[in-house]
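Asker: I'll drop the sequence and a predicted model, then ask my questions.
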Amino acid sequence: MARKKNMIPEPIKLIVKDIRIIIEQGEFVVIHGQGGSGKSPILRDLSREYPDRVCFLIRDDVPHVQHRINILKAVLGGHDIYLFDEPTSHGLDRAQRMEILSLIHRLHDHGKTIIMATHDQAAIELGTRVIELMEDQTFIDHGPGLHRTL
């Protein structure tokens, strides 16, 4: 089923090593790569560049319930773009990881743009587009078509 894309003032421009990637309204983009490949700095840069449109959520080391509450509070904020930095890391069990991914997936189902940095294979498979950061600071844009549902 094709998703109707709402128009936003301009697409998000993600620049990695002087190469621009355009992210359209309503995409679910997963950024993955080895630790230290630059995933988190990319999200931080986006949150600074688009502060009025973006909600940036970091997993940190908060308990699962608090993390879930943080996501729900963010949803109530009514942002267009949600950035998630390793939302399923830090010792969550499989059920907890799937619950967090389900919340994020629902945001996307409601037309929100999701940009998520992760190592989690289940999270990677949710993306409609996957950008893989390589060790040599280049990237591979795997494009659309990987989306699956929970």
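Answerer: Alright, I've got the coordinates.
Asker: only C-alpha atoms for contact and neighbour calcs from this point on.
Answerer: OK.
Asker: Spatially central residue for the chain, please.
Answerer: Central residue of the chain (C-alpha atoms, centre = their mean): Met116, 1.9 Å from the mean position.
Asker: ok, it - contacts?
Answerer: Residues in contact with Met116 (C-alpha atoms under 8 Å, 6 or more residues apart in numbering) are 28-31, 83-87.
Asker: how would you label Glu135: helix, strand or coil?
Answerer: coil (DSSP: H, G, I helix; E, B strand; the rest coil).
Asker: May I have the helix or strand where Ala74 lies as PDB, with CA atoms only?
Answerer: Using DSSP states H and E, Ala74 sits in helix 64-76. Only the C-alpha atoms of helix 64-76 are listed here, as PDB (Å, rounded to 0.1, in the frame of the first residue of the first chain):
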ATOM      1  CA  HIS A  64      13.000   0.100  30.000                       C
ATOM      2  CA  VAL A  65       9.800   1.700  31.500                       C
ATOM      3  CA  GLN A  66      11.400   5.100  31.500                       C
ATOM      4  CA  HIS A  67      12.600   4.700  27.900                       C
ATOM      5  CA  ARG A  68       9.100   3.800  26.900                       C
ATOM      6  CA  ILE A  69       7.700   6.800  28.700                       C
ATOM      7  CA  ASN A  70      10.300   9.100  27.000                       C
ATOM      8  CA  ILE A  71       9.100   7.800  23.600                       C
ATOM      9  CA  LEU A  72       5.500   8.300  24.400                       C
ATOM     10  CA  LYS A  73       6.100  11.800  25.700                       C
ATOM     11  CA  ALA A  74       8.000  12.500  22.400                       C
ATOM     12  CA  VAL A  75       5.000  11.300  20.400                       C
ATOM     13  CA  LEU A  76       2.800  13.800  22.200                       C
END
